[in-house]
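Trainee: fold the following, please.
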Amino acid sequence: MARLELRPKDGRLLAVTLLLIVLLAVYLFGVHWWFVAPHLDYYSQMADLREQQQRYSRVISERPAIERKLTEVRAYEQSNQAFLSEADANAASAGLITRLRQAQTDQSDPKRCSVISNTPYSGGKEELYKSVIVQARLRCDLESLAAILYDLESGKPYLFIDQLMIYKQQTYVPPGAKRVASPLDVRFNLSGYLREPGKPAP
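Mentor: Below you'll find the predicted structure:
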């Protein structure tokens, strides 16, 4: 069996290697984790805080421009004729009823079309803006009805007609008598929107 002889040069190399390992272990467990790592973490946090501060500074510098934009938007909303002019739902319902009767008067002969009933309705779904609804019932011929619906939906403020139901009434005509077109029984919801915000739909 051959003997392994260590020369002085090999011993010095081994000693230096062991010393480096010991120094590295001392640095890692005695210096790095106790002093260097916390400072690196502090430096990272400071960099994040500095970035946040710069971002907030940019936002603060843009505040006057944002406030001007908000003022312009509010002014536009106040002058926007798409919304109902009334401030509350009760007054808006009365305004819708008045608008309906005005359209019936302007667009038809009272003998050809009449408003049978109009009732405020509060069962509409929640939307971005608060809606006001009136349930209307008319007895009209087709020509008068078309003119009234067009008048309501083409003006300002914007009005909307939905759930339109039309029933044709059957009337008895004696033999030999001239047949006259029967009026239609018409029911629909007439709605508009207040400037007051509602609740977003889920």
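Trainee: give me the number of residues near Q135?
Mentor: Counted with other C-beta atoms under 10 Å, residues neighbouring Q135 total 16. The way it works is simple: take the backbone N, C-alpha and C, and place the C-beta from them, glycine included.
Trainee: typo on my end, D185
Mentor: Neighbour count of D185, defined by other C-beta under 10 Å: 15.
Trainee: direction included, what does the host helix or strand of it pair up with?
Mentor: Using DSSP states H and E, D185 maps to strand 184-197. Its sheet considered, strand 184-197 pairs with strand 129-140 (antiparallel), strand 160-168 (antiparallel) by DSSP bridges.
Trainee: residue contacts, D88?
Mentor: L194 (C-beta atoms under 8 Å, 6 or more residues apart in numbering).
Trainee: quick one: it from T98, how far?
Mentor: With distances taken as C-beta to C-beta, to the nearest Å, D88 is found 15 Å from T98.
Trainee: how is the protein partitioned into domains?
Mentor: As given by the TED database, the domain ranges for the chain are 9-79, 89-197.
Trainee: in a helix, N118, correct?
Mentor: No - applying DSSP: H, G, I helix; E, B strand; the rest coil, one finds N118 to be strand, outside a helix.
Trainee: roughly how far does it sit from E51?
Mentor: Taken as C-beta to C-beta, the span from N118 to E51 is 61 Å.
Trainee: so if I had to pick from the two, which one is more boxed in?
Mentor: Shown here are N118 and E51; by other C-beta under 10 Å, N118 has more neighbours (18 against 10).
Trainee: who does the more buried one bridge with?
Mentor: For N118, the beta-bridge partners are A136 (DSSP bridges).
Trainee: that one contacts R99, doesn't it?
Mentor: No - with contact defined as C-beta atoms under 8 Å, N118 and R99 do not form a contacting pair (10.3 Å).
Trainee: now do the SS call for L84.
Mentor: Counting by three-state DSSP, the backbone at L84 sits in coil.
Trainee: what's the local residue count around L100?
Mentor: 21.
Trainee: so S93, which state does it fall into?
Mentor: S93 ends up helix, using three-state DSSP.
Trainee: residue contacts, it?
Mentor: Per C-beta under 8 Å, 6+ apart, neighbours of S93: P120, V132, V134.
Trainee: cool, and S144?
Mentor: Applying C-beta under 8 Å, 6+ apart, one finds that S144 lies in contact with Q107, S108, D109, R112, C113.
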